[in-house]
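[1] turn this into a model:
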Amino acid sequence: MLKIKRVYDDVSSQDGKRVLVDRVWPRGIKKEDLKHDEWYKELAPSTDLRKWFDHDEDKWDEFKKKYKEELKDQKDLIKELRKDSDGHNVTLLYAAKDTEHNQAVVLKEVIEK
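    Numbering: from 1, shown residues only. Below you'll find the predicted structure:
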């Protein structure tokens, strides 16, 4: 089962494999303090796309379209996460405050297709 969760939320035994999917390290968290198994920077939106989007809900639909296009270059990692989440819990970790409009939401959707 694939889940998404903010890096600032409590760790749960139900999280399974915890994968950070942000390009930059989350603010306020020391690297040794974040409980995660992998950090897949490559699955995060490009710096240009992230800065363009800037968590503007009015750009959400266009962001999703552009991000999905970028993800086409990451088929191997997406395939790996799809395989890992088949019968096992995998949690995609992100730092954004907006729980509905962030890259983890889009990535989860892409992996589940």
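[2] what's the closest non-adjacent residue to residue 89?
    Once its chain neighbours are removed from consideration, residue 89 has its nearest residue in residue 16; the separation is 2.8 Å (CB to CB, 6 or more residues apart in numbering). The way it works is simple: take the backbone N, C-alpha and C, and place the C-beta from them, glycine included.
[3] look up how far residue 82 lies from that neighbour.
    Computed as CB to CB, to the nearest Å, the residue 16 to residue 82 distance reads 14 Å.
[4] if we can go back for a sec, the residue nearest to residue 89 and residue 88 touch, don't they?
    Yes: distance between residue 16 and residue 88: 5.5 Å, which falls inside the contact criterion (CB atoms under 8 Å).
[5] quick check: neighbours shared by those two?
    Taking CB atoms under 8 Å, 6 or more residues apart in numbering as the contact criterion, the residues that touch both residue 16 and residue 88 are residue 1.
[6] neighbour count: the two, which is higher?
    Neighbour tally, residue 16 and residue 88, criterion other CB atoms under 10 Å: the higher count belongs to residue 16, 17 against 11.
[7] in the protein, what residue sits furthest out from the centroid?
    Within the chain, the residue lying farthest from the chain centre (CA atoms, centre = their mean) is residue 58, at 20.3 Å.
[8] A helix includes that residue, no?
    Yes: counting by DSSP: H, G, I helix; E, B strand; the rest coil, residue 58 is part of a helix.
[9] from residue 101, how far off is it?
    Distance from residue 58 to residue 101, counting by CB to CB: 10 Å.
[10] for residue 40, same thing?
    From residue 40 over to residue 101 (counting by CB to CB), the distance is 20 Å.
[11] and residue 11, by the same measure?
    With distances defined as CB to CB, the gap from residue 11 to residue 101 amounts to 24 Å.
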